[in-house]
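Chemist: Sequence and computational prediction follow.
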Amino acid sequence: MSPFRLAAWLVLGVSSVAYAGIRKVVVESKTTMPLEQTGGVPYEQIQGVAYGDLDPTTKLNSIIQDIDLAKRNSKGRVEYAETFTLLIPAAVQNSSGYLVYEVVNRGNSIVPRDYTSHDIFLRSGWQGDIPFRGRGPSGQPAETLQVPVARNADGSSVTSPWMMRFLNVVNGTPSVSTRLAVAYATSGVAPLPADLDTAHSRLTVRSYEGIDGASSPWREIPSDAWRWADCSKTPFPGEPTGASVCLRDGFKSNLVYQIEFTAKDPLVLGVGLAAVRDTVSFFAHTKQDDFGWENPVSVQIKHVVGVGASQSGNLLRTYLNLGFNQDEDGHRVFDGIMPRIASRQNPINYRFAIPGGGSDLYGPGSDGVLWWGEYSDTKRKHPSAGLLTRCQATRTCPKVTEVLGASEFWSLRASPGFVGTNNLHDLPLPANVRRYYIASTQHGGGTGGFKWAAGSAGNPISATSDNPLASAGCALPVNPNPVREIMAAVLVALKQWVSDEKEPPPSSYPTLRDGTLAAADARAMHFPQLPNFPSPDGVVNPLIVYDLGDSFRYNDVSGIISNQGRPIIDVIPAMVPVVNEDGNEVGGIHTVLQEAALGTYTGWNITSDGFLKGQVCGLRGAYSPFAKTRSDRIASHDPRMSLEERYGTQKGYVCVVQKAATNLVQRRLLLQKDADEMIRQATVADILPAEGSGEQEAIAARRCQAK
């Protein structure tokens, strides 16, 4: 344990009252977890609600947008309430000493837990636009946060011009014509209109938008042709509500709709950042709350690690950028953090923010600091800064291991975090940051395993197939290349770095310096021409520069968007990883499946239909299997070697898997138990015949003898 953490633990761990903003904890359930869920390790689950408050006048909290307009209690503090789940080894005295805090994604847990670690696990609500005690997009009960509404001093509503956009798409697939369009599609609730008079709002539509902002003109829909209403049960004009929009003639799936209106009553969503800070500090250090509830874990915790994925990984980046790793008593909160598959900031701290939003056109999140160290963003004329600038000033920075994959380049604008906005030089990483790029993987990784055919070259699977590599809305089979095993090893390395000062594996990612990053076109990245597979040209999501108005603080993705038209003033092209002759990426960490490749694995896919047809398909990657035999390859005009030409026989294939797994274990990028399981799966997989011709046996022998 570091001297800093030890001092804080000794002083604060025996505190008899709450100090970190959490004043009261109410336990609502306490259950024993099923052993089949925890790998046979007895665990106890505690769920409840924590009540906290913030001093809105301190420098730490005043950065929260509109906190000065939030209601205060008799002590002048701003209150919030959050649900939480605490998972404790039944023999808590034998816990590992780690508190692993998961930043939930849209209210739900998506990060796997290893209960054999005997860690203490905690998660809590932070996204205040999800209804309190509501459900996340998965339909499961969500971890939620209740935050105040910003009000003027006289109690009247705060209002601002606002704009929202939506497509008629259900579960990634263009919907049939409908008379109802919910005004918010990702998670949470939408900002409400100040009134329901459509003459005071403006609904427009257009037929084309490119990812670079090129578009057809807007066409305005007359105010008598639509309503702020719900038509799901009542015909047009429906039941009046500010939560959805009805269109008399129905919404079309090949159009994009935009509504401009005056919004009212913004939630003070940035409170969620402080809630994460205070909840972690409370459970890590405080013995009891102000009302005598005994914290069962504080005396056990010696190290604190935070993990978030995608949206919640972006939140960790914003959390650091805005200085929240220092609690109200000045102590460091997280000793280590692990943002996974996250390359932006979370759009949570501006008025009428949408923290569940993605990197769609006109969606904030990539508008400010995207890099860890100091960088002068002269291209966008932003002041020099880094995600760690504030915590460096207060000496409260954690150790950081970030893990990304190919879709973060293609869909989520990861390029500036690697090479800045001028694309001229690799940006150096600070000493407390490690970056692990898992090559040729889609967002969150694929299903893994060793299965050759998901359809075949020239015979792709359909979106309606029950094959696990089918994806509704995407034209190509999705990428099965997994990331979870490497992420598990990286988390173990981060914990060892935090507790034992054991250096983690060296960073591994593509760079300009070594020629593994290039412009996002087939020629520059060396992408081969594959049968029945599109070119990557024009697919990547570039960095768009918007004029969001003088009240928006770009580096912090905070403030007020006063320029609701959000005009595009520049488009910064993206750099992407270079590939080999198979179309698989060269730089970064290669998974076992990539080293023992069964096809081409990309970080991009193509939308099959609807308004976005032909553009990048969400966060999905794609898969193009190799031909099985040389004759199949020749018949399909496939330039890539067939499976039999690569591996010879099943034995040759398994040898490649064994060597790849052993290499990753030696580099501490794969746990031995996961390596053993991969080798077992490959051994029983049906890839090639057990025996082959003399030539095939010779290929297999060379594969098994190669170092």
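Modeler: Thanks, I have the structure now. Since this is a predicted model, take the numbers as computed values, not measurements.

Chemist: Spatially nearest residue to Tyr319 (excluding sequence neighbours)?
Modeler: Distances taken as CB to CB, 6 or more residues apart in numbering put Leu273 closest to Tyr319, at 5.5 Å, once the chain neighbours are dropped. All C-beta spots, glycine's among them, are computed from the backbone N, C-alpha and C.

Chemist: how near is the one you found to Gln127?
Modeler: From Leu273 across to Gln127, the span is 11 Å (CB to CB, to the nearest Å).

Chemist: higher neighbour count, these two?
Modeler: Gln127 (28 against 23; other CB atoms under 10 Å).

Chemist: How confident is the prediction for the residue nearest to Tyr319, by pLDDT?
Modeler: Looking at Leu273, its pLDDT stands at 98.

Chemist: was I right about it contacting Ala353?
Modeler: No: in this structure, Leu273 is not within contact of Ala353 by CB atoms under 8 Å, at 11.3 Å.

Chemist: circling back to that earlier point, could you look up the SS state of the residue nearest to Tyr319?
Modeler: Secondary structure, DSSP: H, G, I helix; E, B strand; the rest coil: Leu273 is helix.

Chemist: How about the contacts made by it?
Modeler: Under the criterion of CB atoms under 8 Å, 6 or more residues apart in numbering, the neighbours of Leu273 are Ile64, Trp126, Leu315, Thr318, Tyr319, Leu322, Phe324, Ile348, Asn349.

Chemist: What residues sit buried inside the host helix or strand of the third one?
Modeler: Using DSSP states H and E, the element containing Leu315 is helix 311-321. Residues Gln311, Ser312, Gly313, Asn314, Leu315, Leu316, Arg317, Thr318, Tyr319, Leu320, Asn321 are the ones in helix 311-321 that count as buried (16 or more other CB atoms under 10 Å).

Chemist: Mind listing the strands the next helix or strand after that helix pairs with, and their directions?
Modeler: As assigned by DSSP H and E, the chain's next helix or strand after helix 311-321 is strand 336-340. With DSSP bridges as the test, strand 336-340 is paired with strand 303-309 (parallel), strand 399-405 (parallel).

Chemist: any chance of those strands in JSON lines, with mean neighbour count too?
Modeler: Output for those, formatted as JSON lines (neighbours: other CB atoms under 10 Å):
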{"stretch": "strand 303-309", "mean neighbour count": "25"}
{"stretch": "strand 399-405", "mean neighbour count": "27"}
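
Chemist: Among those strands, which comes closest to Asp154?
Modeler: Counting by CB to CB, Asp154 lies closest to strand 303-309 out of those; the figure is 39.0 Å.

Chemist: Look up the closest residue to Pro56, ignoring the ones flanking it.
Modeler: Excluding its sequence neighbours, the residue lying closest to Pro56 (CB to CB, 6+ apart) is Ile67, at 4.5 Å.

Chemist: Going by distance to Thr204, which of the contacts of Leu273 wins?
Modeler: Using CB to CB, the contacts of Leu273 come closest to Thr204 at Ile348, 27.3 Å.

Chemist: Please determine how far the closest one is located from Ile301.
Modeler: From Ile348 to Ile301 the distance is 27 Å (CB to CB).

Chemist: again with Glu102
Modeler: Going from Glu102 to Ile301 by CB to CB gives 15 Å.

Chemist: Val400 against Val433, yeah?
Modeler: Yes: Val400 lies in contact with Val433 (CB under 8 Å); the separation is 4.4 Å.

Chemist: which residues are common contacts for the two?
Modeler: Common contacts of Val400 and Val433, defined by CB under 8 Å, 6+ apart, comprise Trp372, Leu388.

Chemist: ok, back up a step: which one of Ile348 and Ile301 has more residues nearby?
Modeler: Neighbour totals were compared for Ile348 and Ile301, and Ile348 leads with 31 against 23 (other CB under 10 Å).

Chemist: Counting neighbours, what do you get for the residue nearest to Leu320 when sequence neighbours are not counted?
Modeler: Sequence neighbours aside, Leu387 is the residue nearest to Leu320 in space, at 5.2 Å (criterion: CB to CB, 6+ apart). Using other CB under 10 Å, the number of residues around Leu387 comes to 30.

Chemist: Backbone dihedrals for Leu387, please?
Modeler: Backbone geometry at Leu387, expressed as degrees, to the nearest 10, gives phi -60, psi -20.

Chemist: can you pull the contacts of it?
Modeler: Contacts of Leu387 (CB under 8 Å, 6+ apart): Arg317, Leu320, Asn321, Val369, Leu370, Trp371, Trp372.

Chemist: from the residues you listed, which is closest to Ala284?
Modeler: Among the contacts of Leu387, and counting by CB to CB, the member closest to Ala284 is Leu320, at 17.4 Å.
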